[in-house]
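> 3D, please:
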Amino acid sequence: MEFSSVNTLCLDLISSAFQRCRLSEQICRLSVIINRSSSSRHPSVQISISDTGIGSCLKEFQDLKFSRGGIAENWDGMLRVNTTSISDTEIYIYQFSLKENGSSRRINRLPSFQKNGAKFSGTEVSLSFAQSLDILLADVRSFLQKMLILRIPNIAIQLVAEDCDVPGSRYEKVFLANKPMQSPILAPNLEHLKSGFEEYVLTHGNSLDSKCDSCFQSWEHFKVGSGRACCTETELVMEAVIIISDISKDNTACLRERGDKTEVLYFKDFSPAQSLNHL
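So this is what the prediction gives:
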């Protein structure tokens with residue numbers, strides 16, 4: 001996959017970490033840490049994306065492609081990867097540049113760390129580039145909100161952002177995919193998806209922290225439907241949830257936030273692939 005911006009690359013790296021957690025049979029943590037030092041001569045943002053999932057395969061990083069214009073503009077193209085699988089005795093460390101593409105890409109293996117008999121798995125990917133902290137944080141928050149719609153029950157997500165030179169700028173949020181009073185942890189994916197979409201609508205799709213009680217004072221304002229289709233030849237599965245909400249035209253404050261639109265969210269392989277708004 002080719003990326004035209006560093007922000008898009010970061011979101012894809014978060015998605016990959018999410019998949020490693022989803023495939024694990026254990027309770028997993030996904031952490032996104034964003035730091036910026038605004039007082040330095042050349043301010044830059046450092047982002048670390050770590051997970052306690054199944055461990056990564058180097059091929060997923062070898063296949064990454066990045067437009068040279070984006071690299072020249074605000075990033076040197078360097079990625080650092082720390083990874084280990086449950087059966088490994090070491091934490092392996094790699095460094096490589098996305099300036100090099102395809103078979104010519106060299107992955108440098110750095111000295112590894114012994115696990116000293118400990119049994120754990122996980123991956124951390126880190127990079128540093130010139131970017132606005134606010135813009136990156138907004139993109140990551142929006143992306144995580146869409147990921148949480150899936151309600152994958154074994155993943156907790158931590159998001160931390162801070163300008164190290166600005167007191168009081170620290171932002172921290174922990175998102176639990178399976179909250180109390182929602183679908184059971186062993187429920188089918190479609191039940192989790194339905195629960196996630198219902199909460200997404202309640203929060204207008206633009207807030208991670210609160211719902212609007214003035215819009216939807218009861219579930220009578222919702223019409224919810226769901227379904228599942230399978231293709232036996234390709235083994236592809238598609239699951240869909242449709243929610244129709246009835247908002248009073250007198251509630252102008254909420255109409256300003258939502259507008260009179262239909263929003264379509266599309267996930268491919270448990271990752272946000274598309275978001276469309278239609279009048």
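
> Now do the strands in the stretch 151-279 of the chain.
155-163, 171-176, 222-231, 236-245, 262-268, 271-278 (DSSP state E, counting those that start in this stretch).

> can I get those in a markdown table with mean pLDDT?
Shown next, in a markdown table, are the strands of the stretch 151-279 of the chain (pLDDT from 0 to 100):
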| stretch | mean pLDDT |
| --- | --- |
| strand 155-163 | 91 |
| strand 171-176 | 80 |
| strand 222-231 | 84 |
| strand 236-245 | 84 |
| strand 262-268 | 82 |
| strand 271-278 | 64 |
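
> Minimum distance to residue 122: which of those strands has it?
Nearest to residue 122 among the strands of the stretch 151-279 of the chain is strand 155-163; the distance by CB to CB comes to 12.8 Å. Quick note: C-beta positions are derived from backbone N, CA and C, even for glycine.

> List the neighbouring strands of the closest one plus their orientation.
Strand 155-163 has its sheet partners listed here by DSSP bridges as strand 28-36 (parallel), strand 171-176 (antiparallel).

> tell me which residues in the last one are buried?
Going back to what we said before, that points to strand 171-176. For strand 171-176, a neighbour-count test (16 or more other CB atoms under 10 Å) marks residue 175 as buried.

> ok, and the helix or strand in this structure with the lowest average confidence?
Least confident helix or strand of the chain, by mean pLDDT, DSSP states H and E, is helix 252-258 with a mean of 50.

> ok so, going back, please produce CSV containing the strands paired with strand 155-163, extended by distance to residue 108.
Putting those into CSV (distance: least, CB to CB, whole Å) gives the following:
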stretch, distance to residue 108
strand 28-36, 23
strand 171-176, 33
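
> Not counting sequence-adjacent ones, nearest residue to residue 109?
With sequence-adjacent residues excluded and distances taken as CB to CB, 6 or more residues apart in numbering, residue 109 is closest to residue 94, at 5.7 Å.

> Tell me the secondary structure at that neighbour.
Three-state call for residue 94 (DSSP: H, G, I helix; E, B strand; the rest coil): strand.

> quick revisit: can you say which of the strands of the stretch 151-279 of the chain is packed in most?
Mean neighbour count (mean count of other CB atoms under 10 Å) peaks for strand 155-163 among the strands of the stretch 151-279 of the chain, with a mean of 19.

> Break down the stretch 101-250 of the chain into its helices, ranges please.
Under the criterion DSSP state H, counting those that start in this stretch, the stretch 101-250 of the chain contains helices at 133-148, 189-202.

> The ones you listed: lowest mean pLDDT?
Sorting the helices of the stretch 101-250 of the chain by mean pLDDT places helix 189-202 lowest, at a mean of 80.

> in that helix, what's buried?
By neighbour count on 16+ other CB under 10 Å, the buried set for helix 189-202 is 189-198, 200-202.

> Also compute the angle for that helix relative to strand 262-268, please.
140 degrees (axes from the mean of the first three to the mean of the last three CA atoms, to 10 degrees).

> Correct me if wrong: residue 15 contacts residue 271.
Yes: using CB atoms under 8 Å, residue 15 makes contact with residue 271 at a distance of 4.3 Å.

> Common neighbours of those two, please.
Shared contacts of residue 15 and residue 271, defined by CB atoms under 8 Å, 6 or more residues apart in numbering, are found at residue 147.

> wait, is residue 26 part of a helix?
No: Residue 26: not assigned to a helix; according to three-state DSSP it is coil.

> out of everything not next to it in sequence, what's closest to it?
Nearest one to residue 26, counting by CB to CB, 6+ apart, is residue 154 at 6.9 Å.

> swap in residue 39?
Using CB to CB, 6+ apart, the closest residue to residue 39 is residue 165 (4.3 Å).

> isn't the one you found right up against residue 38?
Yes: taking contacts as CB under 8 Å, residue 165 lies within contact range of residue 38: 5.0 Å.
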